[in-house]
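Visitor: sequence? don't have it. structure:
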């Protein structure tokens with residue numbers, strides 16, 4: 001996942017987080033997924049949410065459960081270079097997150113999950 005994305009800025013207001021990031025359109029994952037029509041793999045977008053959480057919380061996390069994951073619009077490297085991720089993060093026994101990642105005015109990806 002190294003260098004798939006870079007966090008440009010974060011706004012943390014209690015449980016409400018907003019993260020602005022830049023995707024690396026030259027990342028090697030696009031050569032295999034898919035060479036003729038590169039698209040960001042869903043697993044990479046899911047991992048991106050985990051890494052955003054880990055970066056802010058300062059600890060490693062493991063996804064315990066995903067209640068809902070929806071890929072609504074493909075993330076094509078030629079069209080999407082920056083994304084905005086809105087998260088609601090609740091820290092109880094687990095780290096519960098509801099997140100939506102959007103680019104160019106459209107939501108690309110939503111997830112509702114718990115991490116430990």
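Guide: Yep, it's here. Everything numeric in this text was worked out from a predicted model, so none of it was measured.

Visitor: Where in the protein is the helix or strand with the lowest mean pLDDT?
Guide: helix 29-32 (a mean of 92; mean pLDDT, DSSP states H and E).

Visitor: which parts of that helix are buried?
Guide: 29, 30 (16 or more other C-beta atoms under 10 Å). C-beta coordinates here come from the backbone N, C-alpha and C atoms, glycine included.

Visitor: can you list contacts of it?
Guide: 4, 38, 39, 40, 41, 44, 77 (C-beta atoms under 8 Å, 6 or more residues apart in numbering).

Visitor: Now restrict the residues you listed to buried residues only.
Guide: 4, 38, 39, 40, 41, 44, 77.

Visitor: show me where the protein has strands.
Guide: Under the criterion DSSP state E, the chain contains strands at 5-13, 16-23, 63-71, 82-91, 95-103, 106-115.

Visitor: got the angle for the first one vs strand 82-91?
Guide: Think strand 5-13. Orientation of strand 5-13 against strand 82-91 (axes from the mean of the first three to the mean of the last three C-alpha atoms, to 10 degrees) gives an angle of 50 degrees.

Visitor: rewinding a little: most packed of the strands of the chain?
Guide: strand 95-103 (a mean of 20; mean count of other C-beta atoms under 10 Å).

Visitor: sorry, back to before: can you add distance to residue 10 and give the buried ones among the contacts of helix 29-32 back as JSON lines?
Guide: Shown next, in JSON lines, are those (distance: C-beta to C-beta, whole Å):
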{"residue": "4", "distance to residue 10": "17"}
{"residue": "38", "distance to residue 10": "27"}
{"residue": "39", "distance to residue 10": "26"}
{"residue": "40", "distance to residue 10": "21"}
{"residue": "41", "distance to residue 10": "24"}
{"residue": "44", "distance to residue 10": "20"}
{"residue": "77", "distance to residue 10": "23"}
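
Visitor: follow-up on the earlier one: what's the closest of the contacts of helix 29-32 to residue 84?
Guide: residue 40 (15.1 Å; C-beta to C-beta).

Visitor: For the closest one, give me the pLDDT.
Guide: For residue 40, the model assigns a pLDDT of 96.

Visitor: Would you mind measuring from the closest residue to it other than its chain neighbours to residue 101?
Guide: Distances taken as C-beta to C-beta, 6 or more residues apart in numbering place residue 75 nearest to residue 40, at 3.7 Å, with adjacent residues excluded. Between residue 75 and residue 101 the computed distance is 8 Å (C-beta to C-beta, to the nearest Å).
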